[in-house]
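> Kindly generate the corresponding structure for this input.
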Amino acid sequence: MLPTTRPTVSRFAAIKALLLVAAFLSFLLSVGLFFLAEERAQGIFVGLWVPSILALGALMLVGEDKR
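Below is the predicted model of the structure:
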């Protein structure tokens, strides 16, 4: 058997990707609630998660790339 090599992903890149995916999914859910489900208040509430998720990511990753 040949040894398999996995691409190494830094912790910084993994957290960054996870937070961007979470923010994008929150955005899609917000648009879906607001326009498609006609749940405007819930759509606005979920839409507020996007900057909160991105701010959390900025807080978690500050100084991480300087190591």
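
> going forward, measure contacts between C-alpha atoms and count neighbours the same way
Fine.

> which regions of this structure sit below the pLDDT cut-off?
Applying pLDDT under 70 to the chain flags residues 1-7, 63-67.

> for it, what spans make up the helices?
For the chain, the helices defined by DSSP state H occupy 11-31, 40-47, 49-61.

> Any chance of TSV for the ones you listed, columns mean neighbour count?
As requested, the helices of the chain are exported to TSV (neighbours: other C-alpha atoms under 10 Å):
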stretch	mean neighbour count
helix 11-31	16
helix 40-47	16
helix 49-61	15
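
> could you measure the nearest residue to residue 30 once chain neighbours are set aside against residue 10, distance?
Closest residue to residue 30 apart from its sequence neighbours, by C-alpha to C-alpha, 6 or more residues apart in numbering: residue 43 at 4.4 Å. Using C-alpha to C-alpha, to the nearest Å, residue 43 is found at 34 Å from residue 10.

> Likewise for residue 34?
36 Å.

> Neighbour count: these two, which is higher?
For the pair residue 34 and residue 10, the greater number of neighbours falls to residue 34 (19 against 9), based on other C-alpha atoms under 10 Å.
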